[in-house]
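Visitor: Need coordinates for the following:
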Amino acid sequence: MTEAKTYTLDVPGAVLHYDVREDGGTTEPALLLIGSPMGAEGFGTLAGFIPGRTLVTYDPRGVSRSVRTDGATESTPDEHADDLHRLIAELGGPVDIFASSGGAVNALALVARHPADVRTLVAHEPPAAQALPDRDQALAAIRFISDLYQAKGSGAGMAAFIAAVGHQGEFPDGYAVAPDPAQFGMPAQDDGSRDDVLLGQNLISCTHYEPDFDALRAAPTRIVLAVGEESAGTMACRGGVAVAEKLGTTAVVFPSNHGGFLGDEFGMPGKPAEFAVKLREVLAA
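Guide: As a prediction, this is how the structure comes out:
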């Protein structure tokens, strides 16, 4: 595999940056590795454990190198899906996709809208609150985080977000857990900004998005939902299980947790070598 080469792609409202690691000896389609709001940097370790494939990573609109040009303060799964559709056309698709977290929500939107773009989608732990049995409570819990962020800033919002993503089981009525940001090493002071890529741009639009399950069931794309063996009970894991059930399938268990594919990119390594083995096995099935 060659070193990554970086390219840009102009799309409505943004300039996307993407990286291609070529493998000239493969006959398989390119494998696109995507997250949201996590960008390309989170897949560096995983890429090293997937030989024999041309790999593509990118920064979603508003993230890192992919600067928005429209001044919008929110990005939606449908916008991300359109960006991915344009990127896949640039690559000469179709492609296979491994998508995690918000990236999995965006990839489900892509397949519903452009099913010919994707041969196999492995959707890892989509935080699909609309699909949960405790849908109303989960959506209210997420709205609480967003409101806290708007009122008190990123430290307060992120502390509440961390508590919510670690919450076990269904959310109760009136969930409103707001830990002291200092517990997580974050400042409590409000710096006045409200453009956080997670809390401001993607939190509500991603988690409140309802996949088009009729379109997904009708798509020729092979859709595999994946969940982490250490994630049981959390919202993202439950979202993966719920989406699989609505598609008439069963979620596949992967090693580690929500960030199981990570190396030390963010100081919270998972089990990337074991994760890659499982991913290659699922893609080859």
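Visitor: Over to stretch 10-25 now: how far is its first residue from its last?
Guide: This stretch, stretch 10-25, spans 29 Å end to end (CA to CA, to the nearest Å).
Visitor: Quick check: buried residues in it?
Guide: Buried residues in stretch 10-25, defined by neighbour count with 16 or more other CB atoms under 10 Å: Val11, Gly13, Ala14, Leu16, His17, Tyr18, Asp19, Val20, Arg21, Glu22, Asp23. From N, CA and C alone the C-beta is placed, and that goes for glycine too.
Visitor: What of stretch 201-208?
Guide: Quick answer for stretch 201-208 (16+ other CB under 10 Å): Gln201, Asn202, Leu203, Ile204, Ser205, Cys206, Thr207, His208.
Visitor: Remind me what whatever helix or strand the third one lives in packs against, helices and strands.
Guide: Meaning Leu203. Element membership of Leu203 [criterion: DSSP states H and E] is helix 203-207. If contacts are counted by 3 or more CB pairs under 8 Å, 6 or more residues apart in numbering; DSSP states H and E, helix 203-207 sits against helix 102-113, helix 135-152.
Visitor: Could you pull up the mean pLDDT of it?
Guide: On average, the pLDDT along helix 203-207 is 97.
Visitor: Now do it: everything it contacts.
Guide: Residues outside helix 203-207 that contact it (CB atoms under 8 Å, 6 or more residues apart in numbering): 36, 74-77, 102, 105-106, 127-129, 138-139, 142-143, 145-146, 149, 161.
Visitor: Repeat that for stretch 102-114.
Guide: Outside stretch 102-114, the residues within contact range by CB under 8 Å, 6+ apart are 34-38, 60, 77-78, 80-82, 84-85, 88, 97, 99, 117-118, 121, 123-128, 202, 206-207, 209, 211-212, 215-216, 219, 221, 223, 240, 243.
Visitor: Could I get the contacting residues of Ala218?
Guide: Here Ala218 is in contact with Pro115 (CB under 8 Å, 6+ apart).
Visitor: Now it: phi and psi?
Guide: Note on Ala218: backbone dihedrals following degrees, to the nearest 10 are phi -80, psi -10.
Visitor: now do the one 10 residues further on
Guide: Backbone torsions for Gly228, taken as degrees, to the nearest 10, come to phi -80, psi 140.
Visitor: residues contacting it?
Guide: By CB under 8 Å, 6+ apart, the neighbours of Gly228 are His124, Glu125, Cys237, Val253, Phe254, Pro255, Ser256, Asn257, His258, Gly260.
Visitor: Gly153 and Pro115: what is the separation?
Guide: 41 Å (CB to CB, to the nearest Å).
Visitor: ok, those two, which is more surrounded?
Guide: Neighbour totals were compared for Gly153 and Pro115, and Gly153 leads with 22 against 17 (other CB atoms under 10 Å).
Visitor: tell me the strands in the stretch 101-250 of the chain, going along the chain?
Guide: Counting by DSSP state E, counting those that start in this stretch, one finds strands in the stretch 101-250 of the chain at the ranges 118-124, 222-228.
Visitor: Return the most buried member of the ones you listed.
Guide: strand 118-124 (a mean of 25; mean count of other CB atoms under 10 Å).
Visitor: name the helices or strands packed onto that strand?
Guide: Secondary elements touching strand 118-124 (3+ CB pairs under 8 Å, 6+ apart): strand 95-100, helix 102-113, strand 222-228, helix 235-246, helix 272-284.
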